[in-house]
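Visitor: With the input below, show me the fold.
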Amino acid sequence: MKKVLVITGLCILIGYLAFSAFYFKEKPKDGLCTEFDIVVSNSENGMQFVNTNDIVKYVNEKGLNPKGKPLRDINTDSLEHVILNNQLIKAAQAYVTNNGAIRVTIQERKPILRIIPNTGESYYIDNDGNKMPLSKNFTAYLPIASGAIKEDFAKGDLYNFTLFLRNDNFWNAQIEQIVVLPNDEIKLIPRVGDQQILMGQLNDYKEKLDKLMTFYKKGLNETGWNKYSVINLKYNKQVVCTKR
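Guide: Residues are numbered from 1 along each chain as shown. Below is the predicted model:
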């Protein structure tokens, strides 16, 4: 008897779940779209690069605003494709809600470095190593790379170097600006200490920064942070400093 009751209960539960899935999936398609919503899923601490009103305006211009249209006639794939034309957006998912609205959840791209080249317009490099335009809605507080920067170099060596800095608490806090010289050599501007740090090219940068950390601990703590105007890490076996 107990076994029969359990089986009966399971059958009722399965039937309810099947009915609910069919009911909520099919019923909204019988009506008109009641609303069109844009939701940013990954904005942090007020850092939102896209303006949802601008997205709605762009969708309107393309004649794709779904509000008031029959739900069964709305192509959510086309809606996603148009929204992804905005280069600040990484992903978009459009779907029908239970109250008959069309909602698009978007994921913004996340910049990790601002590039200010000698020629051309400024832009970001995002956390996937791709070029990302600036936003008129929000300016991110990020390390800056300036100078003779080619786009391939920004998306390659500079991107990898920036990831290394971001993953180290000390260097992430210490390095304020990266200056790229014409031969792809690097000069660092620190937040603490009034000197330039010459890295040379971005090979063996971890070993070079390890040398600099040792020098910070054993040298500058004794002589003071502002004794030297230049710290040169280009040489393999030593740190060369220029006094003021």
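
Visitor: Show me what counts as buried in stretch 176-188.
Guide: Gln177, Ile178, Val179, Val180, Asp184, Glu185, Ile186, Lys187, Leu188 (16 or more other CB atoms under 10 Å). Backbone N, C-alpha and C define where each C-beta goes, glycine included.

Visitor: Report the secondary structure element holding Ser146.
Guide: strand 144-147 (DSSP states H and E).

Visitor: Can you tell me which helices and strands that strand packs against?
Guide: Packing contacts for strand 144-147, counted by 3 or more CB pairs under 8 Å, 6 or more residues apart in numbering; DSSP states H and E, involve strand 111-117, strand 175-180.

Visitor: Can you redo these as CSV, where the extra columns are mean pLDDT and distance to Met213?
Guide: Shown next, in CSV, are the helices and strands packed on strand 144-147 (pLDDT from 0 to 100; distance: least, CB to CB, whole Å):
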stretch, mean pLDDT, distance to Met213
strand 111-117, 96, 22
strand 175-180, 95, 12
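
Visitor: among these, which is nearest Glu80?
Guide: strand 111-117 (22.5 Å; CB to CB).

Visitor: Redo the buried residues of stretch 176-188 as TSV? Include distance to Asn60.
Guide: Listed next are the buried residues of stretch 176-188 as TSV, based on distance: CB to CB, whole Å:
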residue	distance to Asn60
Gln177	41
Ile178	41
Val179	44
Val180	42
Asp184	45
Glu185	49
Ile186	46
Lys187	48
Leu188	47
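
Visitor: low pLDDT regions in this protein?
Guide: For the chain, the stretches flagged by pLDDT under 70 are 1-30, 45-46, 219-226, 236-244.

Visitor: in the protein, which residue is closest to the centre?
Guide: Lys110 (1.0 Å; CA atoms, centre = their mean).

Visitor: Test my guess that that residue contacts Asp126.
Guide: Yes - the criterion here is CB atoms under 8 Å, and Lys110 meets it with Asp126 at 5.8 Å.
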